[in-house]
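Engineer: quick check, what structure comes out for this input:
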Amino acid sequence: MEDEAYWNFTLDGFAEDVLANMKAASKSSGDKKGTYYGYSTGTSQMLIALSKYETELLNYVQKVNLLAPCTLWGAFALPPPTFPSL
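Structural biologist: Numbering: from 1, shown residues only. Model prediction:
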């Protein structure tokens, strides 16, 4: 895709998707709360969603399982480690 508008998104948009998906799942199940399983990007999406929409998500989510977050902890703030040669 070469269209710039296609690539003009933020991770906040993913958080909005999580909220919309959980609302839709709750509505289609008769207003039951569901369980969210996040893997990799799905984990990051839910963490962002919880930071923005925690109060509202409590209406739709009973349990959250987060696996394999795709994060770089301090990767850009710290120099790479050096190891002595053996």
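
Engineer: quick one, what contacts residue 42?
Structural biologist: With Cβ atoms under 8 Å, 6 or more residues apart in numbering as the criterion, no residue contacts residue 42. (C-beta placed from N, C-alpha, C; glycine too.)

Engineer: find the helix or strand that it is a member of.
Structural biologist: Assigning secondary structure by DSSP states H and E places residue 42 in helix 41-57.

Engineer: list the pairing partners of whichever helix or strand comes after that helix within its sheet, with orientation.
Structural biologist: For helix 41-57, the succeeding helix or strand toward the C-terminus, using DSSP H and E, is strand 61-67. Partner strands and pairing direction for strand 61-67 (DSSP bridges) are strand 34-39 (parallel).

Engineer: and the strand it pairs with, what's buried?
Structural biologist: 34, 36, 38 (16 or more other Cβ atoms under 10 Å).

Engineer: okay, these in CSV with pLDDT next?
Structural biologist: Shown next, in CSV, are these (pLDDT from 0 to 100):
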residue, pLDDT
34, 94
36, 96
38, 94
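
Engineer: center of the chain, which residue is that?
Structural biologist: residue 45 (1.0 Å; Cα atoms, centre = their mean).
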